[in-house]
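Below: sequence and its predicted model.
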Amino acid sequence: ASKGIHGQWLLDPMDFVIAASGGDMSGSELSAMLEKTNIEIKVTDDGSIGNGDIFVNDNITWSASTNLKFQSLRDIWVNSEIKTSGNNSELCFNAQRDIILNNNIYINGNNSSLIIEPNMGEYKIYAGRVIMSGESPYLSIYRNTYKVIQSAQELMDIPFGIYSYYALGKDIDFRQENIDGNIHPIGYSNNINSADVFSEFDGLGNSIINFNLQTKDYAPGFTQEGDTTYLSGCASPFCNFRQISNLTIKNAYIKVNKGFPVVFASLLTASNSGIIKNVHVDGIIDLEDASIHTAGLSAINYGEIINSSSSSKITLSAKNNYSTNLGGIVATNLGKIKSSSCYADIDLGWYNSSSSAHTNAIGGFVGEAGGEIYDSYAIGSIKGYTQGYPGAFVGELSGKIYNSYSAMKIDSNTSNVCGGFAGLVYSSDTIISNCYWDHSICDLDKGIYIMVWGEKDFDIISLSTEQMHKQSSFKGWDFNNIWIIDEGSSYPLLRVANA
């Protein structure tokens, strides 16, 4: 046959719906056809009613070495499972706008391919995963070829400084796999302060589980330049990739051992100069020695963080330890953070000034915030003594914050120098707009503890927990597209996190 050994069948209405009933074709019908021939479903503008979309609302499964291609004039929605186990099979999505995954895609055959091409839009994973378990899989996203990672050892073997694309082909549990040598940050190079800024990593909705990192195992230590010794290295699952997306990190444990200090410690990456998008992490950071920038997600952010979250317990466990900046999601923000959240339990330890940890900018969401923050929140607690001015949302602020809130319980050892939203504002250009804090749980009188530039009116409002559970309290917030609330029972949550 001219289109391959199985030939090809082309279907091209204006809209196309694959559904068990009421659609243009059922998943079982399409599955049966794929056992015999290649299928291309192409939406064309034939003048009929429709937007040019394709909806996969019924499961599709086949085992033959055949190809399935979707081509739309607008969006492709994968709302049901697609699974191919055939060797040398191919699944291709080509959309003029967005490709949205709300269910799982399995590419289980050997030498099989997945191609994702949103021409003028984005590819988005909301609720699904892409599992590529066969040998020698091929993956192309935005016409870039990705190396598919299928083991913990392959993660450890990702090199520093080589421009490439990587994707996580399945969940990887470090407790279930053996590796050569000790665990170290992915893409790590010893004696390098700012690590790999070239590579991109797409988790495909999959998870890295039980990543247990201890600095004594790879000795980041110090860098010598002439007569000067510099602290160097990071303690985080990743160094500084250009982009990290669609990834979950579960039950990570990051320990900065005594005698092995670092510049950066976090549950995701040392520093972000590009994009972190749709990334969710949870775990523990235990500082027995110094970390200059410590955070639940990214120690420093120069780029963009979008639709991401962290759930962390951060503990300074050593007497006279220090972390210059510390935040529930980012320690130092010089970029943009949008639609992101954190649940942070921050324990500064050593509850008196003479034996305290040395901490400066401490915030439930961000330690020191330049840049911009939009539609975000911090929930959790801060306890212990600090030498700086902590804030329930941000410690030290010179940037701009819009439509955000904090609900942090503040320990009595911290509350005497803490702001209900911000600790210290030190720029006359600072903006706080449509922001709130829960005074019922932090018991603070001031939204901002101290303003270096004198008094200035900010749009920041103190609410009780009861008021924080009501949509009407949040004036000007978008509850149709960005926020969602269980009226009377919960704080506002981000819609994208509950998709």
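Noted; the coordinates are in hand.

Enumerate the beta-bridge partners assigned to the closest residue to F238 other than its chain neighbours.
Once flanking residues are discounted, F238 sits nearest to T269: 4.3 Å by C-beta to C-beta, 6 or more residues apart in numbering. C-betas here are computed from N, CA, C, even on glycine. With beta bridges defined as DSSP bridges, T269 has these partners: F238, S298.

How about exporting stretch 302-314 as CSV, limited to the C-alpha atoms?
Provided in CSV are the C-alpha atoms of stretch 302-314 (Å, rounded to 0.1, in the frame of the first residue of the first chain):
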residue,chain,number,x,y,z
TYR,A,302,15.3,34.8,37.8
GLY,A,303,12.8,33.5,35.3
GLU,A,304,9.2,32.4,35.5
ILE,A,305,7.4,30.0,37.8
ILE,A,306,3.9,29.1,36.6
ASN,A,307,1.2,26.8,38.0
SER,A,308,3.5,25.2,40.5
SER,A,309,3.5,24.3,44.2
SER,A,310,5.6,23.0,47.1
SER,A,311,4.8,21.3,50.3
SER,A,312,7.8,21.4,52.6
LYS,A,313,9.2,21.1,56.1
ILE,A,314,12.3,23.2,56.4
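
tell me which residues of that stretch are tucked away?
302-314 (16 or more other C-beta atoms under 10 Å).

so can I have a markdown table of those residues showing secondary structure and pLDDT?
Listed next are the buried residues of stretch 302-314 as a markdown table, based on DSSP: H, G, I helix; E, B strand; the rest coil; pLDDT from 0 to 100:
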| residue | secondary structure | pLDDT |
| --- | --- | --- |
| Y302 | coil | 96 |
| G303 | coil | 96 |
| E304 | strand | 98 |
| I305 | strand | 98 |
| I306 | strand | 97 |
| N307 | coil | 97 |
| S308 | coil | 97 |
| S309 | strand | 97 |
| S310 | strand | 97 |
| S311 | strand | 97 |
| S312 | strand | 96 |
| K313 | strand | 95 |
| I314 | strand | 92 |
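
out of the residues you listed, who's nearest F241?
Taking C-beta to C-beta as the measure, F241 lies nearest G303 of those, at 10.6 Å.

For that closest one, give its distance to W437.
27 Å (C-beta to C-beta, to the nearest Å).

same thing with P390?
Distance from P390 to W437, by C-beta to C-beta: 13 Å.

ditto for D429
22 Å.

all helices of the chain, in order?
27-34, 152-156, 412-415, 439-442, 465-468 (DSSP state H).

and those, which one's lowest on average pLDDT?
Set side by side, the helices of the chain give their lowest mean pLDDT on helix 412-415, at a mean of 62.

what about the stretch 301-450 of the chain, any weak spots by pLDDT?
318-323, 350-359, 385, 412-416 (pLDDT under 70).

give me that answer again for 80
Residue ranges of the stretch 301-450 of the chain with pLDDT under 80: 317-324, 349-360, 384-388, 412-417, 443.

do the stretch 1-150 of the chain as well
Using pLDDT under 80, the stretch 1-150 of the chain drops low at 1-14, 44-50.

Mind doing that once more with 50?
For the stretch 1-150 of the chain, the stretches flagged by pLDDT under 50 are 1-5.

So for the residue sitting nearest the centre point of the chain, what's the nearest residue that isn't a sequence neighbour?
Centroid check for the chain by C-alpha atoms, centre = their mean gives V279 as the closest residue, at 1.8 Å. Leaving aside its sequence neighbours, V279 sits nearest to S308 (C-beta to C-beta, 6+ apart; 4.5 Å).

quick revisit: can you add distance to W62 and mean neighbour count and give the helices of the chain back as JSON lines?
As requested, the helices of the chain are exported to JSON lines (distance: least, C-beta to C-beta, whole Å; neighbours: other C-beta atoms under 10 Å):
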{"stretch": "helix 27-34", "distance to W62": "4", "mean neighbour count": "18"}
{"stretch": "helix 152-156", "distance to W62": "28", "mean neighbour count": "19"}
{"stretch": "helix 412-415", "distance to W62": "59", "mean neighbour count": "18"}
{"stretch": "helix 439-442", "distance to W62": "54", "mean neighbour count": "20"}
{"stretch": "helix 465-468", "distance to W62": "50", "mean neighbour count": "15"}
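
More neighbours: which of D429 and W437?
Applying other C-beta atoms under 10 Å to D429 and W437 shows that W437 carries more neighbours, namely 29 against 9.

Check the gap between that one and W483 for me.
Taking C-beta to C-beta, one finds W437 at 16 Å from W483.

Ok, C342 next?
Taken as C-beta to C-beta, the span from C342 to W483 is 16 Å.

Same check on A331?
26 Å.

if you count what's nearby, which of those two comes out ahead?
The neighbour count for A331 versus W483, taken as other C-beta under 10 Å, is higher for A331 (33 against 19).

how about the more buried one, what does it touch?
266, 293-295, 299-300, 323, 325, 361, 366-368 (C-beta atoms under 8 Å, 6 or more residues apart in numbering).

hmm, which of these are the buried ones?
266, 293-295, 299-300, 323, 325, 361, 366-368.

Rebuild the residues you listed as a markdown table, extending it with distance to N240.
As requested, the buried ones among the contacts of A331 are arranged in a markdown table below (distance: C-beta to C-beta, whole Å):
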| residue | distance to N240 |
| --- | --- |
| S266 | 11 |
| H293 | 12 |
| T294 | 16 |
| A295 | 14 |
| A299 | 10 |
| I300 | 9 |
| S323 | 19 |
| N325 | 17 |
| A361 | 21 |
| V366 | 18 |
| G367 | 18 |
| E368 | 18 |
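
In stretch 468-483, which residues are buried?
Buried, per 16+ other C-beta under 10 Å, within stretch 468-483: 468-469, 473-474, 477, 482-483.

whoops, I mixed them up, stretch 84-101
Under 16+ other C-beta under 10 Å, the buried positions of stretch 84-101 are 84-87, 89-101.

Could you do stretch 112-129 as well?
Neighbour counts over stretch 112-129 (16+ other C-beta under 10 Å) mark 112-118, 123-126, 128-129 as buried.

Between the two ends of that stretch, how far is it?
Using C-alpha to C-alpha, to the nearest Å, one end of stretch 112-129 lies 17 Å from the other.

Phi first, then psi, for D443.
For D443, the backbone dihedrals are phi 50, psi 50 (criterion: degrees, to the nearest 10).

Would you check that it makes contact with I410?
Yes: using C-beta atoms under 8 Å, D443 is in contact with I410, at 7.1 Å.

For these two, indicate the residue with more neighbours.
The neighbour comparison of D443 against I410 (other C-beta under 10 Å) goes to I410, with 23 against 11.

Apart from its neighbours in sequence, what residue is nearest K383?
D411 (3.2 Å).

Can you get me a residue count around Y218?
The burial count for Y218: 18, using other C-beta under 10 Å.
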